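Enquirer: Okay, structure incoming, though there's no sequence with it:
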Ligand SMILES: NC(=O)C1=CN([C@@H]2O[C@H](COP(=O)(O)OP(=O)(O)OC[C@H]3O[C@@H](n4cnc5c(N)ncnc54)[C@H](O)[C@@H]3O)[C@@H](O)[C@H]2O)C=CC1
Ligand SMILES: O=C(CO)COP(=O)(O)O
């Protein structure tokens, strides 16, 4: 069952040394009691979202207009769901959904033209039919022009370039809202923040976070799954639920933007460790142990550096344990990490050969998280994150993964 939870205000998704240096935790990971360090989730659930009218649109038409910034495998899969949902609600949404496509040549034609004529994204999500009200657009500013709901779904390393384009006054509609489906974190020395909070601060609009056990191709093939959307307000949760909830893509909303964001980012580091296990030809017991230890470090890290987050996001929601399982068993990060152990090739070569234009997210996140822990002098509490980084980047013997 999909659901909406009435959110209450929470701390923004930023942790800086100035805001939390008073909490000089000396505990070892094993001593962290996750359930007691997180806040308790809201106990009440409001009536079914279907019974609630949508919050008013800031557009003159009185309808909402959705834009998708990103058209990789996940961007295209999310655009498909949004465009299908919107087509069935013509009184509340403008029917055309624009999707930003970074222009590429496919068989001598522009990718935008291929998508708009064949209604398929041959480059990143081949063989999946897309709805006709989904329009590929090459100009970034044109995509968000007049949009009231903006979905950010680029690989995380490209977000800054995109946000820079949106800085000019008048590009983003006043009163618009955003959601980030990007998995990663932003680290700046002793500061760490979520991409939702980065989008919020750069564009001055509220930003939710969408994350879950959602391998793009399976979602696009309409295999049943769930996702979690962390929202700053109840109005945001009503709108994003309306945009994305579908019979085969069940949306749960929670009042935990930071927890959802961190779960999505950190599971990519654990997925590398799981791939190392595969590369070493070890079995299910070992993989399960890595998943358990990884989940514990993910939750402890979030509790320590994003103290307004909720433990239940990790234990009860798709963004937590479910995403960790799917990524560690069938994801791109685990696949590339397995190849890394087997071949010893550089990450760039592995990404190029195995992902064919798609982007690896876990290696950059492992590096960012490690550097952050070093500057905060907290490496000793997160041994799995640290050993994973050192195997990936410092030639540490993979057997050291188990020296935790
Ligand atoms: N693919 C999946 O199964 C899932 C991905 N995600 C997350 O969604 C985000 C986007 O991932 P995908 O859609 O899979 O992307 P992808 O891995 O398929 O990457 C291809 C995308 O990157 C863009 N790109 C390549 N070079 C670029 C550049 N220099 N500047 C700007 N854009 C560039 C391409 O135009 C294309 O849109 C990531 O953070 C990922 O972790 C989340 C859930 C599932
Ligand atoms: O986030 C994902 C599934 O939820 C996809 O993970 P990968 O990037 O490892 O394929």
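Expert: Yep, that arrived. Keep in mind that what you see is a predicted model, and the values were worked out from it rather than measured. Numbers count the residues shown, from 1 in each chain. Ligands and ions are numbered 1, 2, ... in the order given.
Enquirer: and the chain, which residues reach ligand 1?
Expert: 70-75, 102, 124, 153-156, 158, 161, 181-184, 214-216, 358-359, 361 (C-beta under 6 Å from any ligand atom). Any C-beta I mention is one placed from the backbone N, CA and C, and that applies to glycine too.
Enquirer: Which of those fall in helices?
Expert: 73-75, 161, 216 (DSSP state H).
Enquirer: Just the buried ones from these, in ChimeraX syntax?
Expert: Here is the ChimeraX command that selects the buried residues among these (16 or more other C-beta atoms under 10 Å):
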select :73,74,75,216
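Enquirer: with the ones in helices among the residues of the chain next to ligand 1 in mind, which one is nearest to residue 167?
Expert: Comparing those against residue 167 with C-beta to C-beta places residue 161 closest, at 11.2 Å.
Enquirer: Could you check the pLDDT of residue 169?
Expert: Looking at residue 169, its pLDDT is 88.
Enquirer: any idea how far the closest residue to ligand 2 within the stretch 201-350 of the chain is from residue 233?
Expert: Per C-beta to the nearest ligand atom, residue 331 is where the stretch 201-350 of the chain lies closest to ligand 2, at 2.7 Å. Applying C-beta to C-beta, to the nearest Å, one obtains 31 Å for the distance of residue 331 from residue 233.
Enquirer: These two: which is more packed in?
Expert: residue 331 (24 against 17; other C-beta atoms under 10 Å).
Enquirer: who are the neighbours in contact with the more buried one?
Expert: When contacts are counted by C-beta atoms under 8 Å, 6 or more residues apart in numbering, residue 331 touches 215, 268, 271.
Enquirer: try residue 105
Expert: residue 111.
Enquirer: and with 7 Å instead?
Expert: Listed by C-beta atoms under 7 Å, 6 or more residues apart in numbering, the contact set of residue 105 is empty.
Enquirer: what do you get for residue 71?
Expert: Residue 71 sits in contact with 99-101, 121, 124, 136, where contact means C-beta under 7 Å, 6+ apart.
Enquirer: Phi and psi next, for it.
Expert: Backbone torsions of residue 71, given as degrees, to the nearest 10, read phi -150, psi 40.
Enquirer: For residue 78, what is the enclosing helix or strand?
Expert: helix 73-87 (DSSP states H and E).
Enquirer: Give the other helices and strands that that helix contacts.
Expert: Contacts defined by 3 or more C-beta pairs under 7 Å, 6 or more residues apart in numbering; DSSP states H and E place helix 73-87 against strand 66-69, strand 97-100, strand 134-137, helix 216-220, helix 234-244.
Enquirer: what angle do it and helix 234-244 make?
Expert: 100 degrees (axes from the mean of the first three to the mean of the last three C-alpha atoms, to 10 degrees).
Enquirer: and helix 73-87, anywhere near ligand 2?
Expert: No. Judged by C-beta under 6 Å from any ligand atom, helix 73-87 and ligand 2 are separated, with a smallest distance of 7.4 Å.
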